[in-house]
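Chemist: this one's structure only:
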């Protein structure tokens, strides 16, 4: 049995989960609504305040879908009840971020400022000029947008300049030494 797949998902107060045909799961909560079509092979049931995912047989594909389906539903439940956020830090002399409405403007040492518009359902919050927090209810979208911001200037290994995740450590390299 899949260790993750067989764990029941507790439904917190204020969250409703609807399972329609073709395993279309809709999760409504205080922060919003998420909807997703999950693999039809999996059996998703609601039993006394918990959601249980079961698989039809022990084929390799079914085993992998079992854990995936359970995790996707759990991410939706956590997203509508608590939400997700990723924190990015900007390091480097003259590197900074500014926010106007839904537009995020990044000065990253290029000849032009990099402008990004917040996607639907996500918001970016600035703390000072060098800390960006991406918030939303969809874990996948939050992670993707944070990765897109980071890709505008990913950290380099010599001075550590660039945009990095707050919990990320950059492997530093020693620079070249002069002739003797």
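Modeler: Great, that's in hand. Quick caveat: nothing in here was measured; it's all calculated off a predicted structure.
Chemist: thought residue 26 was touching residue 20?
Modeler: Yes - counting by Cβ atoms under 8 Å, residue 20 is a contact partner of residue 26 at 7.1 Å. (Each C-beta comes from the backbone N, C-alpha and C, glycine too.)
Chemist: the more surrounded of these two?
Modeler: Ranked by neighbour count (other Cβ atoms under 10 Å), residue 26 and residue 20 place residue 26 first, with 14 against 10.
Chemist: which residues sit against the longest helix anywhere in the chain?
Modeler: Secondary structure of the chain per DSSP state H: the longest helix is helix 60-81. Helix 60-81 is contacted from outside by 2-7, 9, 11-12, 14-15, 17, 25, 27-34, 36, 38-39, 41-42, 44, 51, 53-56, 84, 136-140, using Cβ atoms under 8 Å, 6 or more residues apart in numbering.
Chemist: try 7 Å
Modeler: Applying Cβ atoms under 7 Å, 6 or more residues apart in numbering, the external contacts of helix 60-81 come out as 2, 4-5, 7, 9, 11-12, 15, 25, 27-34, 36, 38-39, 41-42, 51, 53, 55-56, 137-139.
Chemist: What residues of that helix count as buried?
Modeler: 62, 65-81 (16 or more other Cβ atoms under 10 Å).
Chemist: Averaged pLDDT, it. What do you get?
Modeler: In this model, helix 60-81 has an average pLDDT of 93.
Chemist: do stretch 85-105 as well
Modeler: So the average pLDDT for stretch 85-105 ends up being 94.
Chemist: low pLDDT regions in the chain?
Modeler: 1, 180 (pLDDT under 70).
Chemist: nearest residue to residue 102 other than its sequence neighbours?
Modeler: Excluding its sequence neighbours, the residue lying closest to residue 102 (Cβ to Cβ, 6 or more residues apart in numbering) is residue 118, at 4.6 Å.
Chemist: Could you report the separation of the one you found from residue 19?
Modeler: 31 Å (Cβ to Cβ, to the nearest Å).
Chemist: swap in residue 134?
Modeler: 30 Å.
Chemist: which stretches of the chain form strands?
Modeler: 9-10, 16-19, 24-29, 32-37, 43-47, 50-54, 84-91, 96-100, 103-107, 114-117, 122-127, 131-136, 162-165 (DSSP state E).
Chemist: Rebuild the ones you listed as TSV, extending it with distance to residue 149.
Modeler: TSV is the format used below for the strands of the chain (distance: least, Cβ to Cβ, whole Å):
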stretch	distance to residue 149
strand 9-10	30
strand 16-19	32
strand 24-29	26
strand 32-37	22
strand 43-47	34
strand 50-54	33
strand 84-91	6
strand 96-100	9
strand 103-107	7
strand 114-117	7
strand 122-127	8
strand 131-136	6
strand 162-165	6
